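> okay, predicted coordinates and the sequence, questions at the end:
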Amino acid sequence: MFQYAYTVDEERKLEHIFWSPSHSFDWYQKYGDVVVFDTTYKVNAYQMPFGIFVGINNHGKTILFGCALLRNETTSAFRWLLKVI
């Protein structure tokens, strides 16, 4: 299962979307000491910045907390993202 949130613009086109595996919130409670967020710039088919939240578990392995596609890298886009996670 996944949890997600999204917004659409006035033309009902996707503006932003965030999704995460349902277990990632439990993992965050256990392993949320280190969280890294980074974006790539328009390297996917939709030409949208892709953001990823990752952490480190107790075995030193990278774990996924969630991902996002954003329309742009504006303050309002990141503000929306940080509100929904």
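Sure thing, it's come through. Predicted model only: the values in this text are computed from it and were never measured.

> look up how far K13 lies from the closest residue to F65 other than its chain neighbours.
Among residues not flanking F65 along the chain, F53 sits closest, at 4.0 Å (Cβ to Cβ, 6 or more residues apart in numbering). Yep, even glycine has a C-beta here, placed from its N, CA and C like the rest. According to Cβ to Cβ, to the nearest Å, F53 and K13 sit 24 Å apart.

> more neighbours: the two, which one.
For the pair F53 and K13, the greater number of neighbours falls to F53 (20 against 8), based on other Cβ atoms under 10 Å.

> who's in contact with the more buried one?
S20, V35, V36, F37, L64, F65, G66, C67, I85 (Cβ atoms under 8 Å, 6 or more residues apart in numbering).

> looking at those, which are in strands?
In this view, the contacts of F53 that belong to strands under DSSP state E are S20, V35, V36, F37, L64, F65, G66, C67.

> output the contacting helices and strands for the lowest-mean-pLDDT helix or strand in the chain.
One helix or strand of the chain scores below all others by mean pLDDT, DSSP states H and E: helix 24-31, with a mean of 90. In terms of contacts (3 or more Cβ pairs under 8 Å, 6 or more residues apart in numbering; DSSP states H and E), helix 24-31 is packed against strand 50-56, strand 62-70.

> out of those strands, which gets nearest to V8?
Closest to V8 of the helices and strands packed on helix 24-31 is strand 62-70 (Cβ to Cβ; 12.6 Å).

> list the helices and strands the closest one packs on?
strand 14-21, helix 24-31, strand 50-56, helix 75-84.

> before we move on, back to that, please work out which of the helices and strands packed on helix 24-31 is packed deepest.
strand 62-70 (a mean of 19; mean count of other Cβ atoms under 10 Å).

> strand partners of that one, parallel vs antiparallel please.
The pairing partners recorded for strand 62-70 under DSSP bridges are strand 14-21 (antiparallel), strand 50-56 (antiparallel).

> how about those strands, which one is nearest T74?
The nearest among the strands paired with strand 62-70, by Cβ to Cβ, is strand 14-21 at 10.4 Å.
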